[in-house]
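Student: only geometry, no sequence info:
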């Protein structure tokens, strides 16, 4: 779990530590800011007027200062096997940081047939000479310079913005392979900077690719190799202020480049939150959420991004699009926000958003329920959906993922705790007769005022009991959520030991949930075997969101690629067939990751010919010269 | 000429087959009782949630599918939903199996005794058993045995019990149930009973299909049924029935299971218990109704030697792979899956193609005994000498020489022939003849069909000493049809080359296109008679060409077929294989043109055409007594109906009346007889 959203005293220290780190990052950033200080003053003044924008910001212009160039997350945080062969997580940012995870090595070796002795390390330093020199549009560069908006064509800056976090993208970086990358990066400071950049781009016919948090997993940030124009990456990370908070209307007006953790932290300082917490919230940005139709873990209380947004401002080649008022709901023809949400950077840049905010919850409580099998668990989730009493978050992990979560248990401090653990296991497997190879666990997060949370908790546990569920404690629940924040770090470690993997998601009607889970997992295993993967893959899923009419299902899939000559190709083939299996079983193309370029081959069958034509005609009107040329979706 | 490729047939025909083990050997050396009582712990489906037979029933009755149909029926008929529900429960009660291990053990014991008396050996390919075990563990399994005898499903369960495999649940016809005690015994050994016809009964269909799907989806037991629908009286595979196959494929197509494994099983009998019974039945002596007392009368059967049985468990076929790129499964995404829908055209054609492919897989692994080749040769010889007015029968040496020749030819065509290699051909021939001594006579070094006192005991009991010529003819036909049933076992090996040989024979030139047209016409004509995969004309033609060229019987020079010196013998043999069928179809056509009355109904068709054929046989205008087979007559009618040369009226007082398009039937007859060239126009119209 990210440090900012975990309750309790232990996280206070971390919060302070993190703020300190951010501040240091802010210092480091300053010299770079100097040359643009005067010119960006207009924006700064606007920001300071509101006075909301306090605290350090996480993301500096030079991301490489705090983040890995060829992996996930912070430079200081990573898993490794120490001298004793035990897994450890470095850094001080997360709950797991600095802890030893004794079960991980065995789980890792047994699950993947991998060995900590077989290591394949990535080169630590980015080799700039392997990067293609930039193709610059001189006239554009010249005019841009006169606006004073900061920019760079430094190799590292460009490489950083040429990828998201798809497996093939990270794998290529680790191999030191860089394909077509942006020729230049610009950092607008505010809406009007963006207007200028887009005007210039249109004037000089250069290609713009908006870049927010860089957490895309749909190849959306990949530069189209066939693009002959100069490609400018428009990095919104410096547009990260909360411009105002309106407590009367429970709204906040925010610049779209702000990343999730900064948004929540800053709002928390005023006693508010948005409650939007996608798993990537440490790094993903508000503009990115809008552009991909993001979904947050706690959507049951706060809603998904489309429910949270009140007003959007987007700069397009045709001009700026925005609504004239902030009415909470309108009947004014098709909602133009829905052209923007999910447009994946093909129409323009989202610059400012008015979002709903809520008072911070008084009380948070984790929980978990063990079910004898996955079928019962799904039936319980459906019942919870039927009674519309879902907690802020409810997730159901399958057996494999339950064991995975278990392997991530940090070393226990006392014999007493481990004795208690043993007792619990004994109770569930022996006394209650749960088969350890079938049982699965639902993790829960309740939020609200204390009394209601406890009442709510009882209601949910009562439903669970009808489906054979046993309450299994807060700790299991919290660890389940932690998994989602460290999984990407784990993938990096896996790659050090010939293990590659990825996650993907779908949404599916209730009657199909079990079928999709079973068939997609089985398909992955069968395809891996057929494609010559030497070891059985990890193929696991969880139901991560419930809706009235269905659920969101999330799959993890990873395998040991030793013995394969082109592992990424095999990986992509398997992922492709898995997606076909999802579609054949009535699942959607995507619940919240988006389409990007990775899944666009299925767009036509997903939305029909006419539907695709509608999207295309909007694109043709808004951006006839394909200035926003990332070629996602269509 | 271009028709879309469906399956390539060539490769599987030449595949390697597993070895056999005799399971009776151990039974002869150890206690049957201990065998029947031994510990039975089969490997089960990995996704199985164990439950009792009663729970299975309530799962069926509580399913969304059934609920939907019950409500529908209740609205349509005005009956209360409770009553309909009760009716559904009653249907299920009548249908459901009650598998009991004690009954299985009883059968294991008794069948051991019976099998040891009847058969020399029961040979099973153990590798197939291992593959099956694996398949049962991985996915729901459907067993598809060939159907030649009542014995088939008892035998299947017996073998599975022997190898400690999960016992199947078997779809059986309702007629068994009328055998009071036996019916219940069969039910307790895993049979469930379905009515023979329930065309419009929505509720029955819903209960039945849901029952089968529930068993399959939950992996309670492998589901076993007969693709051919009924026992093949002719020993030729019957064209597949699609009802049950549709049902078992449905859970895969709707995504309710990851995959279904379908395992074709080929059961070949050296001598079929029902041999003479079948022949009589096809000649119009009505089939005895199954009754317990009838079964006991069959006791005399026990004193005879029925040779050996070969059971070959084929390669499990994944429905998922079959359906890949054939069926778009997302077609079920937009309506709830529990609402019954008629399968669309794509699914129908997919299931149909799969069914043919599976029947062919059964055929390919049918073990052929040397007698099959001898019966083929003796029948051909009988008709040829009859036509030439020569002495009946052939010298043993000559028969042996021809049999060896045919052995080699059939092996080249991929036949699964069990010809003992370490024994001399003459010994093989004589031991085969002795096992089938009811059908052949050997005197003065010559072998002939046992036609003279063919009436057998039935004829002996006849009060009149002299049988009428008609009776004599029918008695002879019993022998001939029995022999034909053995020849028929090899037809799947020869059918494609035989069609080609006949096409070359009747085509107006040796031009490849001409021959193809002729081939295509014949193939189309006979597609109710033989297993010819729909839409695979080109592949079949190419396979036939490949085999004949490979064996040196044919050369293709610049689109011209040239029959080689040694090829004449092969082609003559092949055309004679098909000739009875060609003649038979022509006679039926002639009947329809000459004698069919205005009001002829489907029911009257067989007796009427039989009379017509008897007349032709007695006057010597027709040589082949096997044309008396009602099977062939019905197949001809089915083909003519399919081609639109005959129409069947539906509804009203004229229900089932046949309307004959005489011009068309006449032209088909002439084309079959080679009097009319296979014009493109004719082919196109068909």
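Tutor: On my side now, so go ahead. Just so it is clear, the structure is predicted and the values come from calculations on it, not from any experiment.

Student: residue contacts, the residue positioned nearest the centre of chain B?
Tutor: Among the residues of chain B, the one closest to the centroid is residue B:237, at 2.6 Å (C-alpha atoms, centre = their mean). Counting by C-beta atoms under 8 Å, 6 or more residues apart in numbering or on different chains, residue B:237 touches B:146, B:228, B:359, B:362, B:363, B:492, B:531. Quick note: C-beta positions are derived from backbone N, CA and C, even for glycine.

Student: So which of these sit within strands?
Tutor: With strands taken from DSSP state E, there is no overlap with those.

Student: Closest one to residue A:200 out of these, please.
Tutor: residue B:359 (71.4 Å; C-beta to C-beta).

Student: pLDDT value on that closest one, please?
Tutor: Residue B:359 carries a pLDDT value of 96.

Student: so what's it up against?
Tutor: Counting by C-beta under 8 Å, 6+ apart, residue B:359 makes contact with B:227, B:228, B:237, B:238, B:239, B:240, B:264, B:531.

Student: can you give me the strands for the stretch 251-400 of chain B?
Tutor: Taking DSSP state E, counting those that start in this stretch, the strands of the stretch 251-400 of chain B run over residues B:261-269, B:308-313, B:317-318, B:394-395.

Student: I'd like to know which of these lies nearest to chain A.
Tutor: strand B:317-318 (9.4 Å; C-beta to the nearest C-beta).

Student: So, low pLDDT: which residues of the stretch 201-350 of chain A?
Tutor: Within the stretch 201-350 of chain A, no range satisfies pLDDT under 70.

Student: all strands of it, in order?
Tutor: A:207-211, A:231-235, A:242-246, A:251-255, A:272-273, A:309-316, A:319-321, A:349-356.

Student: hang on, the earlier thing: dump the strands of the stretch 251-400 of chain B into JSON lines; add mean pLDDT and distance to residue B:553 as well.
Tutor: Converted to JSON lines, those look like this (pLDDT from 0 to 100; distance: least, C-beta to C-beta, whole Å):
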{"stretch": "strand B:261-269", "mean pLDDT": "96", "distance to residue B:553": "27"}
{"stretch": "strand B:308-313", "mean pLDDT": "96", "distance to residue B:553": "29"}
{"stretch": "strand B:317-318", "mean pLDDT": "96", "distance to residue B:553": "32"}
{"stretch": "strand B:394-395", "mean pLDDT": "91", "distance to residue B:553": "23"}
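
Student: Same list (these) but as TSV, adding distance to residue A:454 and mean neighbour count.
Tutor: Below are those laid out as TSV (distance: least, C-beta to C-beta, whole Å; neighbours: other C-beta atoms under 10 Å in any protein chain shown):
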stretch	distance to residue A:454	mean neighbour count
strand B:261-269	51	24
strand B:308-313	61	25
strand B:317-318	52	20
strand B:394-395	97	18
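
Student: Apart from its neighbours in sequence, what residue is nearest the residue in the stretch 551-686 of chain B that chain A sits nearest to?
Tutor: Residue nearest to chain A within the stretch 551-686 of chain B: residue B:642 (33.8 Å; C-beta to the nearest C-beta). Distances taken as C-beta to C-beta, 6 or more residues apart in numbering or on different chains put residue B:528 closest to residue B:642, at 6.9 Å, once the chain neighbours are dropped.

Student: Ramachandran angles for the one you found?
Tutor: When read as degrees, to the nearest 10, the backbone of residue B:528 gives phi -90, psi -10.

Student: Which residues are in contact with it?
Tutor: Contact analysis of residue B:528 by C-beta under 8 Å, 6+ apart lists B:239, B:635, B:636, B:638, B:639, B:642.

Student: Let me know whether the fifth one touches residue B:529 as I believe.
Tutor: Yes: proximity of residue B:639 to residue B:529 meets the contact threshold set by C-beta atoms under 8 Å, at 7.4 Å.

Student: what residues does stretch A:600-608 touch?
Tutor: Contacts of stretch A:600-608 (C-beta under 8 Å, 6+ apart): A:579, A:583, A:588, A:589, A:595, A:612, A:615, A:632, A:633, A:634, B:330.

Student: I appreciate the help and will end here.
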